[in-house]
Structure formats: C-alpha cells, structure tokens
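> Sequence unavailable; structure follows:
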C-alpha cells in the first residue's frame, strides 16, 4: 500500500507522496504483531497460552486495543482512495477496475491463508484444549487430530467442548483482509451507482469537522454506536452477524476514503495532536483502570458506570487516532529504502505472523524456559519468519500474490493493499 496525493497548489499531474500514512500503516501492523505476542501471555482467551501468565500486561495491551484496527481500516480507506483515483477513467470504469484490483490483491492471500497458513492455529488450539480436558499419551496423534487438514477443510472436524465448536475452515486473524475485501467491493459498487459523486461527501465532512469538531464529533459517533450496538452485537469476526464491528470498521474505512485528500483535515490533525494525545492518555488510564478493577468474570460494574465507560472508550479510540495522524503528518514526511521495503513487506508479515506465534509459542511452552528467554525467542522467531516469508514472496513471481506481494513490487512505488 502506498499513498500519494495531488496538492491543490500543484498541477493536477503532480503527485506528492503521503509518507506519513505509509509510516503509520507500517507501525500499526508491527504493533499488531507485538499485540498478538502479548495475547500468548495475558489471561485473556486465545488459541494457545504460555505457562507464564502475566496479568500486568493487560493495561499495556489496553493501550492499543481500542484503536489499532480502527486506525488500520481508516488508513486502508485512504489508500483505496488514492488507488481509485489512479485507476479512474470515468466513474463506472474506475469502479470496475477498483473492484478487480482489490479482488486480485486480497482474495488470493485470503484463500491461501485459510487453507494453508491458518490451519496450524486451529490444530494447536485443539491440541492444547485436549491437553486440558482429557490428557493423552500423544496429544498430537489421536482421534481428535487424525486427518486434521481434511476434516478442517471439509468442516467435518466435530471439535466441540462445553464452550461450543470450532468451526472450520476459518480465517482467524485474516478476518481483517476478508472485511477489507468486502468493504472495497461495496465501495466500488457505491462509486458506480453514484457516478463518482460519493467523493463529494468528503467536502461535507471537511466542513462539518472544522476546528474542535474533528476531535469531538467522531467521539460522539463512536460513543453512539457503542451504546446502541456493542452490547447487542458482540464482535464475532464472522462477517454475517458482526454489526457493531461493521459499523465501526466500515465507517473508519469510508472516513479514510472520503477525507484522504483533504489538506484542511490534515492540518486539523496536526493542530489537535497534543490535546488529542493528552485526552487519549487520560481516557486510556480510566479505561485500563476500569478493565483491571472488573477483570474477574463475576465482577459486575454498576450500569451507570458501564454507560460512562462507553464514552471513555470512544474518547480513547478517536483521540489516539487523531494524535497518531497529527504527529505522523507533522513528523513522518520522509521516505527512504527502509520505508519502501516495509511498506510492501508488512502485508506478508501480517499473513504469516499469527501462525508463527501460535506454533513457536506452543512448542516453546514445552521447554519451560524463563519468561524473558521464552518471550525473546518468540519475538525474534516471529520477525525472522516474517522477513523470510517476505523475501520468499518477492522471488515467487505471480505466486507471490499468495503472500500478498505482486511481482517486482519491492522495486517500484507500492500501491494500496
């Protein structure tokens, strides 16, 4: 994914790269990798778990948990805007080319991941669940894991316990790619149906978000959907019944698309970066303290407190996003070889990282290493595997699309992903 924009003062054919958005995307994906390493250690439910449980990590995890994926959808929407403008000839032709580009870019790695990259996550989840429920002499070879891949691919595993069944095939962490593909196709349809006038909504947003409105009104919107939808529609990542997540993620994606070329909003983010950072830190402290105080399964906060904390959560979400976009626009305005390399690389990083964490983490846990050694090896192994996957994908020609890399993509300015 790469970002470029045409400045109003420059000729229309002159594009200025938005290096800040490239850096933000790279940073958000790298934070996500570290977040999933953290999931191996915090008490929260995950595919596999370390024997070293570290509850003190929870407030640190809460520092990025409310906003990291919302930011990624927003940045992805901005990238899609630049891609759509580059592809456009007329509104309908451009929309069709956008849909085709998104399918080619996102569908091959999604399908490849679901049937090749993700299955080990389900396998080791079953192995660990089996070890807790009914220890086996050989947990890796038994009736529950026999013919695993065939049963996984044909949805015939019947892997169930008291909490429900593991439904396969699944996309696990690749839900982000699946949702991004669906949102891109919906957007392409809207562009075709509105003859390109959808872009004009960005002007309305620009006028409505002047001054402090850029910080306040999105918080109001996020608080409203959290009040109305979050309790009725738990986040499931199953695409069909995930309405709160869609309201949040598609709105962020659409916001990024509509406002990507707004210099006024870019300047607004810069102007509000310090107040937003202060508000974000205060909201994070309040939210993390609340989550810590009521972390026990049987802890029941008062209803009034829960309502207030929905507003606090919304403030946390948007304030950090404003701060990141503002500081990025102010300071991350240079490219270079590192950025060119990582801008293409973080997509294959994302595709493989969680499987590496699950597989390596599971086997490291069997060695009973000290926490520092185990975590250090896990982080190093994860990033080493990510770089290895990227270097392999760069050399596979068109097959590199399976890991999210177009042929020779690293040798030219990257497009949206």
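Okay, I see it. Note that this is a predicted model, so its numbers are computed, not measured.

> show me where the stretch 51-200 of the chain has helices.
With DSSP state H, counting those that start in this stretch as the criterion, the stretch 51-200 of the chain has helices at 58-62, 68-87, 91-112, 119-133, 148-153, 175-193.

> outside of the fifth one, which residues touch it?
Same thing as helix 148-153. Residues outside helix 148-153 that contact it (C-beta atoms under 8 Å, 6 or more residues apart in numbering) are 115, 119, 122, 123, 126, 156, 157, 158, 168, 169. Every residue, glycine included, has its C-beta placed from N, CA and C.

> Tally up the residues packed near the closest residue in space to residue 84 that isn't next to it in sequence, please.
Spatial nearest neighbour of residue 84, excluding adjacent residues (C-beta to C-beta, 6 or more residues apart in numbering): residue 98 at 4.9 Å. Neighbour count of residue 98, defined by other C-beta atoms under 10 Å: 25.

> could you check the distance from residue 98 over to residue 255?
Using C-beta to C-beta, to the nearest Å, residue 98 is found at 18 Å from residue 255.

> can you check residue 219 too?
Residue 219 sits 13 Å away from residue 255, going by C-beta to C-beta.

> residue ranges of the strands in the stretch 201-350 of the chain, please?
Ranges of strands in the stretch 201-350 of the chain, per DSSP state E, counting those that start in this stretch: none exist.

> which stretches of the protein have low pLDDT?
1-16, 89-92, 133-137, 408-417 (pLDDT under 70).

> Determine which residue lies closest to the centroid of it.
The centre of the chain sits closest to residue 69, judged by C-alpha atoms, centre = their mean, with a distance of 4.0 Å.

> follow-up on the earlier one: and which of the contacts of helix 148-153 is nearest to residue 62?
Nearest to residue 62, judged by C-beta to C-beta, of the contacts of helix 148-153 is residue 122 at 27.2 Å.

> returning to what we had before: is it possible to mark the buried ones in the contacts of helix 148-153?
Neighbour counting by 16 or more other C-beta atoms under 10 Å classes 119, 122, 123, 126, 157, 168, 169 among the contacts of helix 148-153 as buried.

> From the residues you listed, pick the one nearest residue 340.
Using C-beta to C-beta, residue 119 comes nearest to residue 340 of the buried ones among the contacts of helix 148-153, at 32.7 Å.

> that older thread, from the contacts of helix 148-153, which is closest to residue 306?
Ranked by distance to residue 306 (C-beta to C-beta), these are led by residue 122 at 33.6 Å.

> Quick check: chain neighbours aside, which residue is closest to residue 76?
residue 180 (5.7 Å).

> So what's the residue count around residue 99?
So residue 99, with other C-beta under 10 Å, has 20 neighbours.

> ok, the closest residue to it other than its chain neighbours to residue 98 distance?
Nearest non-adjacent residue to residue 99, counting by C-beta to C-beta, 6+ apart: residue 188, 3.9 Å away. Distance of residue 188 to residue 98, given as C-beta to C-beta: 5 Å.

> Next: residue 259.
Distance from residue 259 to residue 98, counting by C-beta to C-beta: 18 Å.

> Repeat that for residue 26.
Using C-beta to C-beta, residue 26 is found at 23 Å from residue 98.

> Over to residue 132?
Residue 132 is 47 Å from residue 98, by C-beta to C-beta.

> again, but for residue 340
For residue 340, the distance to residue 98 equals 24 Å [C-beta to C-beta].

> Around residue 207, how many other residues sit close by?
Neighbour tally, residue 207, other C-beta under 10 Å: 10.

> next one: the one 5 residues further on
Residue 212: 12 surrounding residues under other C-beta under 10 Å.

> if you skip the residues just before and after it, what's nearest to it?
Among residues not flanking residue 212 along the chain, residue 272 sits closest, at 7.5 Å (C-beta to C-beta, 6+ apart).

> my read: that neighbour touches residue 214, true?
Yes. The criterion here is C-beta atoms under 8 Å, and residue 272 meets it with residue 214 at 6.1 Å.

> shared neighbours of the two, anything?
Both residue 272 and residue 214 are contacted by residue 322, under the criterion C-beta under 8 Å, 6+ apart.

> Give me the more crowded residue out of these two.
residue 214 (25 against 20).

> wait, what's in contact with the residue lying closest to the more buried one once chain neighbours are set aside?
Once flanking residues are discounted, residue 214 sits nearest to residue 268: 4.5 Å by C-beta to C-beta, 6+ apart. Going by C-beta under 8 Å, 6+ apart, residue 268 touches 209, 210, 211, 214.

> Likewise for residue 335?
If you count contacts by C-beta under 8 Å, 6+ apart, residue 335 has them with 17, 19, 22.

> how close does it sit to residue 284?
Computed as C-beta to C-beta, the residue 335 to residue 284 distance reads 31 Å.

> which stretch of helix or strand covers residue 377?
Secondary-structure assignment from DSSP states H and E places residue 377 in helix 371-394.

> contacting residues around that helix?
For helix 371-394, the surrounding residues in contact (C-beta under 8 Å, 6+ apart) are 33-34, 37, 40-41, 50, 52, 54, 344-345, 348-349, 351-353, 356-357, 360-361, 364-365, 367, 369, 400, 402-405, 409-410.

> again, but for stretch 290-301
Applying C-beta under 8 Å, 6+ apart, the external contacts of stretch 290-301 come out as 43, 55, 58, 59, 62, 305, 309, 312.

> again, only using 7 Å
58, 59, 62, 309 (C-beta atoms under 7 Å, 6 or more residues apart in numbering).

> Which positions within it qualify as buried?
Buried, per 16+ other C-beta under 10 Å, within stretch 290-301: 290, 291.
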